[in-house]
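A.B. asks: Only the shape, not the letters, is given here:
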């Protein structure tokens, strides 16, 4: 549909993923370039002020040099495997393709680019799925930090059994930690002298105003069309996240980490 829209001269706002294969992504991007239209991928998290604030605080070295990054995503789709409530296509993709591409993008935005990726999957519980329903991925960053991504659509707890999604992200540095306990606040624990009170470690709470991230996304799309600006969530940026995810599947198949530093050429 996106290719047909590009051929008709229409600008395109496309939901994640950009595609499910690199070849398809490249074909879509080529069609957009050939027809001179704007393609923006709806990576909504990049318009979330929560993650934007985290990125700014890390860039200001508030918690020092990042050492450990932890992202955890949970939902519960086990009840769908014996009925038709959930589209079959979800179970064709697996949790890494369906969800981790978005979370990789969040980490790239907040913390920065990665050097290596190593993925493995847990024993499968959703037998309707053809691939992974739970995975653990470790990341290596240029500055020496390490990260873990735990992704599961078979995580059963009181919070997830009604279909709710849980997403947590925490960054620990050599001078403190940064963590959003909810959708409108950030918590800082800082060892820096200028943040200590009576030489005691304190928690600093930062309020993040509520915003309509979908509205911000659409307004950005319209502005890009109006002034000919490259979207924040460009197709090349999102292709990079897809390529990292494909490397994760390659790692899962071989049991070995994959060096992804060569992907920097896509930025």
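C.D. replies: Everything's here; your move. Predicted, not measured: the structure shown is a model, and the values here were computed from it.
A.B. asks: so where's the stretch 101-250 of the chain shaky on pLDDT?
C.D. replies: Along the stretch 101-250 of the chain, segments meeting pLDDT under 70 span 128-130, 163, 195-197, 199, 201.
A.B. asks: how about the helices of it, start to end?
C.D. replies: Assigned by DSSP state H, counting those that start in this stretch, the stretch 101-250 of the chain shows helices spanning 101-110, 213-227, 235-254.
A.B. asks: Show me what the helix or strand following the last one is in contact with.
C.D. replies: In other words, helix 235-254. Per DSSP states H and E, the first helix or strand lying C-terminal to helix 235-254 is strand 258-259. Residues outside strand 258-259 that contact it (C-beta atoms under 8 Å, 6 or more residues apart in numbering) are 115, 116, 117, 118, 247, 248, 250, 251. (C-beta placed from N, C-alpha, C; glycine too.)
A.B. asks: And the closest residue to residue 166 other than its chain neighbours, its phi and psi?
C.D. replies: Spatial nearest neighbour of residue 166, excluding adjacent residues (C-beta to C-beta, 6 or more residues apart in numbering): residue 74 at 4.4 Å. Dihedral pair for residue 74: phi -140, psi 140, per degrees, to the nearest 10.
A.B. asks: residues touching residue 74, list them.
C.D. replies: 150, 152, 155, 157, 159, 160, 165, 166, 167.
A.B. asks: quick one on the thing from earlier: in the contacts of strand 258-259, find the pair that's most separated.
C.D. replies: Using C-beta to C-beta, the contacts of strand 258-259 span at most 15.4 Å, a distance reached by 115 and 250.
A.B. asks: Is there a quick PyMOL command that grabs whichever of the contacts of strand 258-259 are buried?
C.D. replies: Buried subset of the contacts of strand 258-259, written as a PyMOL selection, criterion 16 or more other C-beta atoms under 10 Å:
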select buried, resi 115+116+117+118+247+248+251
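A.B. asks: Return the member of the contacts of strand 258-259 nearest to residue 171.
C.D. replies: Distances from residue 171 to these, taken by C-beta to C-beta, are shortest for residue 115, at 17.0 Å.
A.B. asks: Hmm, the closest one is touching residue 142, no?
C.D. replies: Yes. When contacts are counted by C-beta atoms under 8 Å, residue 115 is listed as touching residue 142 (5.7 Å).
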